[in-house]
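**Student:** Kindly generate the corresponding structure for this input.
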Amino acid sequence: MRDDAAQNGEGYKVSPIPAAVFAVNAQDAVWVDAMCVKQPLATLEQKLEVGGWQVPKRVYMLAAGWEPSPFQQFGARFKDDRG
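**Tutor:** Residues are numbered from 1 along each chain as shown. Modelled structure (predicted):
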């Protein structure tokens, strides 16, 4: 991502992931690609710091139907987690 930002994003913007990577159907791919814009590299590197409050309920949703999905591992890990 840093190399992409240096070469294609004025040193601080990361190119969007093309719709083809997510196997978006041909009818929607042009629209998806048009909606995706470069993002600041810092949004992908900065740690999120949260403190002082508790989340009352967590809900996980797993988008299925496209392979390979990097998210299947998380679905398997948390499907029985009631905590």
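
**Student:** From now on I want contacts and neighbour counts done on CA atoms only, so please keep to that.
**Tutor:** OK.

**Student:** quick one: whichever helix in the chain runs longest to chain centroid distance?
**Tutor:** In the chain, assigned by DSSP state H, the helix with the most residues is helix 26-35. Distance of helix 26-35 from its chain centroid, counting by Cα atoms, centre = their mean, to the nearest Å, is 17 Å.

**Student:** I'd like the mean pLDDT over it, please.
**Tutor:** The average pLDDT for helix 26-35 rounds to 94.

**Student:** And for it, what's in contact with it?
**Tutor:** With contacts defined as Cα atoms under 8 Å, 6 or more residues apart in numbering, helix 26-35 is touched by 18-20.

**Student:** Find the residue ranges of the chain scoring beneath the pLDDT cut-off.
**Tutor:** 83 (pLDDT under 70).

**Student:** Now do the helices in it.
**Tutor:** Using DSSP H, the helices of the chain run over 2-8, 26-35, 42-45, 72-78.

**Student:** So which of those helices is nearest G65?
**Tutor:** Checking those against G65 by Cα to Cα gives helix 72-78 as the closest, at 10.6 Å.

**Student:** how far out from the middle of the chain is that closest one?
**Tutor:** Helix 72-78 sits 16 Å away from the centroid of its parent chain (Cα atoms, centre = their mean).

**Student:** CA atoms only for it, dumped as PDB, please.
**Tutor:** The C-alpha trace of helix 72-78 is given here as PDB (Å, rounded to 0.1, in the frame of the first residue of the first chain):
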ATOM      1  CA  GLN A  72     -14.400 -17.000   6.000                       C
ATOM      2  CA  GLN A  73     -11.800 -17.500   8.700                       C
ATOM      3  CA  PHE A  74     -13.400 -14.900  10.900                       C
ATOM      4  CA  GLY A  75     -16.900 -16.300  10.300                       C
ATOM      5  CA  ALA A  76     -15.600 -19.700  11.500                       C
ATOM      6  CA  ARG A  77     -13.800 -18.200  14.500                       C
ATOM      7  CA  PHE A  78     -16.700 -16.200  15.800                       C
END
